[in-house]
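Enquirer: Let's see this in three dimensions:
(2 chains)
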Amino acid sequence: MSLTHVEAILGLCRQAGNIMLLNGAETSRVEETIWRIGRASGASSVHSFVTPTGIFISVEAGGLEKTGMIRIQGTTGINLQKVHEVNDLSRRFERGQLTTEEMAAQLTQIEQVPYYYRLRYQHLAAALSSGAFAMLFGGLWPEFLVGAFCGWVTNLVVSQFGQHVPMFLRVFFAALVGATIAVLGVNVSLATNTEAAILGAIIPLVPGISLTNAVRDLMAGELLSGLARASEAFLTAFAIAVAVALVLSFRALAWEVGWIG
Amino acid sequence: MMDRLMDLMTMQEWVQLLMSFVATYMYAVLYQVPKSALWRVGLVGMGAWFTQWFVLSLGVRSVGAAFVGGLFVATLSELLARRLRMPVIVFVVGGIVPLVPGSAAYATMRHFVMGENLEGLARGTETLLIASAISAGLVLAGTIMRLNRRKHHDRTRLPLR
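Expert: Numbers count the residues shown, from 1 in each chain, chains lettered A, B, ... in the order given. I've put the predicted structure just below:
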């Protein structure tokens, strides 16, 4: 067991953990995967400390110990397909169906695939999802159409921002644009139910992943990550709420002044 | 059973049931859920909406209905995840979305904007309670479902080889 071998194990663990965490896996699953990969490649002990913003891994094999960390900076997008693939890969690796080199190659391959469904399908999905939610929240077919259009715009706006824009601002602006169009749509009598239209418009922004991960992390005893995820979910929800409140108060103001009917 | 359901649900509610499937399915596409799991995620979401609707129609208040909805989502997701050998989160993320307290949250914002702070606080509390109830349902069912899983491995002490 040479030093390069220990380094290879560490690199493998780091790469897998990075992919999983960036694409929306919960902390306990990332730790479990790192542990599984490390054990399968012959390490006598693997310690990992995973938080939503960084991973620390310590691998010991053959009396040698290496420690490494990787900083996680803002995800580019949730991709549960990748989480599933890495999870699956680690299990196959554990069963000895892959060599270390094959594993590294596969991980790099997974890392390089941008997304599973094309971007325009995602926008279409956002539109249909928004329309359907507008109906769930009491709308009818006109609200479906307005909600779908607004959801499409919202998703388009949120995907236009780069990584340097903070998450709060991204969500805020997208919700602002979506809610404004929804209110305008109701105002020109395309739809009648403002509530349904606005709720449809903001659906693509709902922090489903953060919320689920917060619950699952807290459940697994990962208090630090759980609280971090919960605050992420809360911040996103707050950004949406502020944007909607802003649009609603502008509408109330415009009513009073008499700009709109 | 089916006849009674036909009587119970109005036309709009049937459409909404269908829409809960479409909404969840499409929401799952946004999170790049694996293709083979997509329609199952849709079913989880539809089941969640139906469970919530059914519990509400029994006269239970919205917080209780959200709790039962959360229980349903977590239970079904754990079962599906084991069967398809996929992370549980794949199913939960889509499944809980039809339960999100959108109307309550919207009402909260509207009241605050109108300066009706007391009503706003009341609806805000309701929103928070519903969200907590969903989480509580997820936690309870998830923990119970995990109990009979194989013993969680000790991550620090590994057999030498």
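
Enquirer: all contacts plus neighbour counts: C-alpha atoms, from now on.
Expert: Noted.

Enquirer: ok, B:R82 to A:L89 distance?
Expert: Distance, B:R82 to A:L89, by CA to CA, to the nearest Å: 16 Å.

Enquirer: Which one's more surrounded, those two?
Expert: Neighbours per residue, other CA atoms under 10 Å in any protein chain shown: of B:R82 and A:L89, the larger number sits with A:L89, 20 against 12.

Enquirer: I'd like the distance between the more buried one and chain B.
Expert: Using CA to the nearest CA, to the nearest Å, A:L89 is found at 11 Å from chain B.

Enquirer: next one: phi and psi at that residue?
Expert: phi -60, psi -40 (degrees, to the nearest 10).

Enquirer: Excluding covalently adjacent residues, which one is nearest to it?
Expert: Nearest residue to A:L89, sequence neighbours excluded (CA to CA, 6 or more residues apart in numbering or on different chains): A:M103, at 7.6 Å.

Enquirer: And for that neighbour, the neighbour number?
Expert: By other CA under 10 Å, neighbour count at A:M103 equals 20.

Enquirer: Then the one 4 residues further on?
Expert: Neighbourhood size, A:L107 [other CA under 10 Å]: 20.

Enquirer: go on, B:T10?
Expert: As a burial measure, B:T10 scores 11 neighbours (other CA under 10 Å).

Enquirer: What are the neighbouring residues in contact with it?
Expert: By CA atoms under 8 Å, 6 or more residues apart in numbering or on different chains, the contact list for B:T10 is empty.

Enquirer: can you check A:G24 too?
Expert: A:I78, A:N79, A:L80, A:V83, A:I209.

Enquirer: and it, backbone torsions?
Expert: phi 100, psi 20.

Enquirer: Check A:A25 too.
Expert: According to degrees, to the nearest 10, A:A25 has phi -80, psi 160.

Enquirer: got it, and A:I70?
Expert: Main-chain dihedrals, A:I70, degrees, to the nearest 10: phi -140, psi 130.

Enquirer: That one: neighbour count?
Expert: Neighbours of A:I70 under the rule other CA under 10 Å: 15.

Enquirer: Next, the residue nearest to it when sequence neighbours are not counted: secondary structure please.
Expert: Closest residue in space to A:I70, ignoring its immediate chain neighbours: A:I55 at 5.2 Å, by CA to CA, 6+ apart. Per DSSP: H, G, I helix; E, B strand; the rest coil, the secondary structure class of A:I55 is strand.

Enquirer: can you pull up the bridge partners for A:I55?
Expert: A:V50, A:I70 (DSSP bridges).

Enquirer: Can you name the residues of the stretch 1-150 of chain A that neighbour chain B?
Expert: Within the stretch 1-150 of chain A, the positions adjacent to chain B are A:25-26, A:32, A:35, A:39, A:42, A:44-47, A:77-81, A:83-84, A:87-88, A:115-117, A:122, A:125-126, A:128-133, A:135-137 by CA under 8 Å from any CA of the partner chain.

Enquirer: Can you pick out the ones from the residues you listed that are in helices?
Expert: Counting by DSSP state H, the residues of the stretch 1-150 of chain A next to chain B place A:32, A:35, A:39, A:80-81, A:83-84, A:87-88, A:122, A:125-126, A:128-133, A:135-136 in helices.

Enquirer: For chain A, give me its nearest residue in chain B.
Expert: Closest contact between chain B and chain A, by CA to the nearest CA, is at B:A23 (4.2 Å).

Enquirer: can you count the residues close to A:V83?
Expert: When neighbours are defined as other CA under 10 Å, A:V83 has 31 of them.

Enquirer: show me the contacts for A:L80.
Expert: A:L80 sits next to A:N23, A:G24, A:A25, B:Y31, B:Q32, B:V33, B:P34, B:V90 when contact means CA under 8 Å, 6+ apart.

Enquirer: Surely the last one is in a helix?
Expert: Yes: secondary structure of B:V90 (three-state DSSP): part of a helix.

Enquirer: Just confirm it contacts B:V33, I think it does.
Expert: Yes: with contact defined as CA atoms under 8 Å, B:V90 reaches B:V33; the gap is 6.2 Å.

Enquirer: Just say helix, strand or coil for A:V165.
Expert: Applying three-state DSSP: A:V165 is coil.

Enquirer: so what pLDDT did it get?
Expert: Looking at A:V165, its pLDDT is 80.

Enquirer: What distance do you get for it to B:L147?
Expert: Distance, A:V165 to B:L147, using CA to CA: 42 Å.

Enquirer: Same check on A:E31?
Expert: 19 Å.

Enquirer: between these two, which one's more packed in?
Expert: Per other CA under 10 Å, whichever of A:E31 and B:L147 has more neighbours is A:E31, with 23 against 10.

Enquirer: Thank you kindly, that will do.
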